[in-house]
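Novice: Okay, predicted coordinates and the sequence, questions at the end:
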Amino acid sequence: MSTIYGNMLYAGKAQVIVQIPTVSVGTYTYNGTPQGPSVSNLDTSNITTTHLKETNAGSYTLILHLSKSGAIWSDGTTEDKTYVYTIDKANATITVSSDTVTLDTSTLSVSITVGGVGGDWSASSSNTSIATVTKSNNTLTITSPNEETGTANITISRVVTTNYNAVTKVVEVTALFAQIFGAEWPGTSTTVWSRTDAAANFTNPSPAVNNGNGSSPFDDYMPWSGMRRVEDSVGGTLVEIPKYWYKWTRSGSSMKLQISNGPQDGFFVSPAHADRGDGKGERDVVYVGAYHCASTYKSTTGVKPLGNKTRSDFRTGIKNLGVGIYQYDFAMYWTIMMLYLVEYADWNSQKVIGYGCGNNSGTENNGLCDAMVYHTGTNASSRTTYGHIRYRWIEGLWDNVYDWCDGIYFSGANVYGIKNPERFSDNSGGTLISTRPTSTNYISAWSNPTADGFEYALYPTAVSGSGSTYVCDYCTYLSSGVVLYVGGYYYQYQGHGAFYLVGSNAASDAVASIGSRLQKLP
């Protein structure tokens, strides 16, 4: 036996000994170029390869094959050497030139560019009455088909392909077209209003019971759909309220309220958003505490509301939180009440949302509606069971503790209003906006003020109703009463709903059952 350059002589024939290459299998993801294991010491004169490099995603077997007759691996074998490796699919991508779109009367259609890599893309709308989509090459056109206000999500999808995983991206569409939603009360003993304008055929909302789910036809329309919970580092948990426009129309004892999500001739800007004379002008959004004020004066869940403070005490404590934070006022109160009236079309808030009030003995922690699936309803087992309520994320409008209401004060039968929160007072500086009844009973009629900037500031003019007629809530009076608190508290009474107005207290009064709520005016 003799060695000739690594070859062996067997039966007069040279046998080639081939060094086994070093193969390193890595991790691969499709990138459009050939990939595969790293192979060193590859003797291409004696070895052929299969699937040495591949481009497409998949599972492959690299095969090293001895190509010459008589060749033998250096380990004494002749069988093929195999190595399994995988090229994973890449994640497809979607890029858009804008991921938010606003449609309005001046912009009925918006086109955005769709880019990225992967399979072909398609688009669909979650609400085709608000927005439809059309695709052309890499352009997606989003169009308002009905000039209807609301929101829609446009989902852009790339499908699974040989080399790419599927992916989706959402473009949020806000359609802002001026629509009017109305309700009208005949001024008779009924508590129920009739729906008008764009709300004429709406069904009644179905608020949650036992912290469950609910629905409302107004959920798809601004300004209601724009109300949301936000966390504020200064004020705590707040509810954002978008600006709207309103109009009261009086015909004898009949009262019609209209709300528009865009400017309209003869309409006023919602009171909390209107120019308050504080140098800020109109505000696009305002915020109200989602909870009664805690001991820190912030809107905080899981703690008892603060009480035993005068209205002035709360005014100062809340304002000291920071710039733009003030005590809940009559403008904010009516901003919320007008939204409620058009949506629920019934004076009797305890009937249509829930009795509220509380446990009939004392204050409880804020947040008893936190587990509610829906934004409006009661935590009680039925609407006719006392418990806790919230309306569009705002908890306790008629339960747990009353809320002091600022920006309004009384002098005998006269009602005065203050727009500028920097000038809130218990006894001076206001504008005379109306007069009030000089007795206490269930509300049966309202004023419609005409004082400039206070057209919203309705106050009862008659109190000859009952617990089941007209407004169903009490209005109290004492000639010495100068400050207002609103809503319900922990004792279980009918007549202590959204429109319960107490104007019989002195400015020095501070009791456990009266708390407050903050507002933020950016």
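Specialist: Yep, that arrived. Numbers count the residues shown, from 1 in each chain.
Novice: So what would you say the end-to-end distance of stretch 402-414 is?
Specialist: 23 Å (CA to CA, to the nearest Å).
Novice: roughly how far out does that stretch sit from the chain middle?
Specialist: 32 Å (CA atoms, centre = their mean, to the nearest Å).
Novice: Show me which residues of that stretch are buried.
Specialist: By 16 or more other CB atoms under 10 Å, the buried positions in stretch 402-414 come out as 402-410. For the C-beta atoms, the positions are set from N, CA and C on the backbone; glycine is no exception.
Novice: just the residues you listed now: which is nearest Gln494?
Specialist: Tyr402 (15.8 Å; CB to CB).
Novice: I figured the closest one hits Asp509, correct?
Specialist: No: if you go by CB atoms under 8 Å, Tyr402 and Asp509 don't touch, sitting 11.3 Å apart.
Novice: Doesn't Val415 belong to a helix?
Specialist: No: secondary structure of Val415, determined by DSSP: H, G, I helix; E, B strand; the rest coil: strand, with no helix assignment.
Novice: now the helix or strand hosting Lys169: how far from the chain's centre is it?
Specialist: If you go by DSSP states H and E, Lys169 is part of strand 167-176. Relative to the centre of its chain, strand 167-176 is centred 15 Å away, using CA atoms, centre = their mean.
Novice: So what touches that strand?
Specialist: Outside strand 167-176, the residues that touch it by CB atoms under 8 Å, 6 or more residues apart in numbering are 91-94, 96, 98-104, 112, 116, 118, 125, 130-131, 140, 142, 144, 147-158, 222, 261-262.
Novice: after that strand comes which helix or strand?
Specialist: strand 180-185.
Novice: Just name whatever secondary elements that following strand is in contact with.
Specialist: strand 194-197, strand 254-260, helix 330-344 (3 or more CB pairs under 8 Å, 6 or more residues apart in numbering; DSSP states H and E).
Novice: Can you say which of those is nearest to Asp75?
Specialist: helix 330-344 (82.5 Å).
Novice: Low-confidence bits of this structure, can you list those?
Specialist: 1-14 (pLDDT under 70).
Novice: tell me the helices in it, going along the chain?
Specialist: 311-319, 330-344, 349-352 (DSSP state H).
Novice: any idea how far the closest residue to Ala451 other than its chain neighbours is from Val39?
Specialist: Leaving aside its chain neighbours, Ala451 sits nearest to Ile433 (4.7 Å; criterion: CB to CB, 6 or more residues apart in numbering). Relative to Val39, Ile433 is positioned 89 Å away (CB to CB, to the nearest Å).
Novice: same deal with Gly214?
Specialist: Taking CB to CB, one finds Gly214 at 65 Å from Val39.
Novice: Asn441 now?
Specialist: Taken as CB to CB, the span from Asn441 to Val39 is 96 Å.
Novice: Any idea how many residues pack against Phe177?
Specialist: Phe177 is flanked by 18 other residues according to other CB atoms under 10 Å.
Novice: again with Ser251
Specialist: 10.
Novice: Show me the residue at the heart of this structure, geometrically.
Specialist: Compute the mean C-alpha point of the chain, and by CA atoms, centre = their mean the closest residue is Arg228, 3.5 Å away.
Novice: if you count what's nearby, which of Ile433 and Val39 comes out ahead?
Specialist: Ile433 (24 against 17).
Novice: Can you give me the distance of that one to Ile259?
Specialist: In terms of CB to CB, Ile433 sits 21 Å off from Ile259.
Novice: if we can go back for a sec, apart from its chain neighbours, what residue comes closest to the residue nearest to the centre of the chain?
Specialist: Glu240 (5.3 Å).
Novice: roughly how far apart are that neighbour and Ala274?
Specialist: Glu240 is 17 Å from Ala274, by CB to CB.
Novice: can you check Ala71 too?
Specialist: 93 Å.
Novice: okay, those two: which has more neighbours?
Specialist: Each of Ala71 and Ala274 has its neighbours counted (other CB under 10 Å); Ala274 has more, 23 against 17.
Novice: Might you report the residue contacts of that one?
Specialist: Contacts for Ala274 (CB under 8 Å, 6+ apart) come out as 268, 282, 331, 419, 453.
Novice: Setting aside sequence neighbours, what's the nearest residue to the fourth one?
Specialist: Meaning Lys419. That would be Arg276: by CB to CB, 6+ apart, it lies 4.5 Å from Lys419.
Novice: Surely that neighbour is in contact with Arg423?
Specialist: No: Arg276 lies out of contact with Arg423 (CB under 8 Å); the separation is 9.5 Å.
Novice: Compare the two and say which is more crowded by neighbours.
Specialist: Taking other CB under 10 Å, Arg276 and Arg423 do not tie; Arg276 has more neighbours (24 against 14).
Novice: any idea how far the residue nearest to the centre of the chain lies from Ser206?
Specialist: When Arg228 is compared with Ser206 (using CB to CB), they lie 20 Å apart.
Novice: Can you tell me which of the buried residues of stretch 402-414 end up in strands?
Specialist: If you go by DSSP state E, the buried residues of stretch 402-414 have 402-405, 408-410 in strands.
Novice: And stretch 300-316, what's buried?
Specialist: 300-301, 304-307, 309-315.
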